[in-house]
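>>> one predicted model, sequence on top.
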Amino acid sequence: MIVQLKKGMLELLVLSLLKDEDRYGYELVEEISKYIDISEGTIYPLLRRIRTEGYVEAYLKESNNGPSRKYYKITDLGSRAYEDQLEQWTSFKEDIDSLLRRNNNE
Amino acid sequence: MSRQEYLDLLKYYLKDFPSVVVKDIVADYEEHFNIGLENGKAEDQISQELGSPETIAKQFLENEGRALAKTNTGKEGMSLSKIIIGSILVVLLIPVILPILGVLVGVVGTFVGLIFAIIAMAIAIFALGVALLLSLIPGFLSLNIVAMPAVFAQIHPITIIFTSVALISGSILTAGIGINFFKWLFKSLKNLFITIKWKIEKRGVRDEK
């Protein structure tokens, strides 16, 4: 179950990280891996999909050492999607918690 | 798994995609490996952390499938005003549209014609081979089911048998080539469509130096 759950949450996590600043794929993976264990390669299909949906834009920027890196920048549409998904997640989490803890309250 | 092995596997699982698309996808993973190596990780470790190339390829294929389905259903949300403007445009553009439509119908017609021509050719060659074989059966010619030229009766039976086998094999070969040709044609058209879509979406990536 946890694998599917992680896969579903990845979009919200990526949008959340991009809210702060533009980042490249490797950076996103690195940041997320600090908190949860994910199959890192799945980030790129996800980035591709949210780019198609118009949530993020990509641009190439040269790094200090070596070739240019592909940076991702959140769009207005992406910011709105983030707020929306965050709210959905928060209320979902509360619902699940109250269901699971129903016996404690009795 | 080494970097090269990983990327090769990824390319293998993405083989249904046009080469432009595969190149784009693989470039992202090359970048990932490069940065990982710069940070002092081993190729093996990076491959492991990335996860199975097959799973990744599947997700890309799923994405494209979803995008294609979306373009097909996206037309439902048309408002009345859009439809009216659209209709007016169509009427105004008839002098332009008709010739284009004509060319399209012509091209499609050519290919449909080609399909039938190949099928007909295969069947004809096959029938000729079978007819030749049947002509070997004594008295078959006199039944007059098939109008067989009298010269056939003078050809040596072994020649006839070999000719029939050659003709029947030839017909199967023709059918096979035909089927593969159209499979190829269909795949190329699909890939062309995906490539165009991919290129259009890629406009967002610009160089910033």
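Nice, thanks for sending it over.

>>> how close does the residue lying closest to residue B:47 once chain neighbours are set aside get to chain A?
Computed as C-beta to C-beta, 6 or more residues apart in numbering or on different chains, the closest residue to residue B:47 that is not its neighbour in sequence is residue B:1, at 4.1 Å. Every C-beta, even on glycine, is put in place using the N, C-alpha and C of the backbone. Distance, residue B:1 to chain A, by C-beta to the nearest C-beta, to the nearest Å: 12 Å.

>>> now residue B:111
Residue B:111 is 31 Å from chain A, where distance means C-beta to the nearest C-beta.

>>> now do the contacts for that residue.
residue B:185 (C-beta atoms under 8 Å, 6 or more residues apart in numbering or on different chains).

>>> now residue B:14
Applying C-beta under 8 Å, 6+ apart to residue B:14 gives the contacts B:21, B:22, B:25, B:26, B:57, B:60, B:61.

>>> most neighbours, which of these?
In terms of neighbour count, residue B:57 stands highest of the contacts of residue B:14 at 23 neighbours, by other C-beta atoms under 10 Å in any protein chain shown.

>>> which strand or helix spans that one?
If you go by DSSP states H and E, residue B:57 is part of helix B:53-73.

>>> residue A:59 now?
Using DSSP H and E, residue A:59 sits within strand A:56-62.

>>> can you give me the buried ones in that strand?
A:56, A:57, A:58, A:59 (16 or more other C-beta atoms under 10 Å in any protein chain shown).

>>> ok, stretch A:16-33 next?
Here stretch A:16-33 shows A:17, A:18, A:23, A:24, A:25, A:26, A:27, A:28, A:29, A:32 as buried, counting by 16+ other C-beta under 10 Å.

>>> so who does the third one touch?
Spelled out, it's residue A:23. So residue A:23 contacts A:17, A:31, A:71, A:72 (C-beta under 8 Å, 6+ apart).

>>> residues in a beta bridge with it, which ones?
residue A:72 (DSSP bridges).

>>> got a pLDDT number for it?
We have a pLDDT of 93 for residue A:23.

>>> try the last one
If you check residue A:32, the pLDDT there is 92.

>>> can you give me the neighbour number for the residue lying closest to residue A:62 once chain neighbours are set aside?
Spatial nearest neighbour of residue A:62, chain neighbours left out: residue A:68 (4.6 Å); criterion: C-beta to C-beta, 6+ apart. For residue A:68, the neighbour count with other C-beta under 10 Å is 15.

>>> residue A:68 against residue A:59, yeah?
No: contact between residue A:68 and residue A:59 fails when scored by C-beta atoms under 8 Å: they sit 9.3 Å apart.

>>> summarise which helices and strands the one helix or strand in chain A whose mean pLDDT sits lowest is packed against.
Counting by mean pLDDT, DSSP states H and E, the weakest-scoring helix or strand in chain A turns out to be helix A:102-105, with a mean of 75. Contact partners of helix A:102-105 among helices and strands, from 3 or more C-beta pairs under 8 Å, 6 or more residues apart in numbering or on different chains; DSSP states H and E: none.

>>> can you list the neighbours in contact with stretch A:5-14?
Residues contacting stretch A:5-14 (C-beta under 8 Å, 6+ apart): A:28, A:32, A:36, A:38, A:42-43, A:46-47, A:50, A:82, A:85-86, A:89.

>>> where does the residue nearest to residue B:47 land in three-state SS?
coil (DSSP: H, G, I helix; E, B strand; the rest coil).

>>> enumerate every residue touching the closest residue in space to residue B:62 that isn't next to it in sequence.
Once flanking residues are discounted, residue B:62 sits nearest to residue A:45: 7.8 Å by C-beta to C-beta, 6+ apart. Residues near residue A:45 by C-beta under 8 Å, 6+ apart: B:56, B:59, B:60, B:62, B:63.
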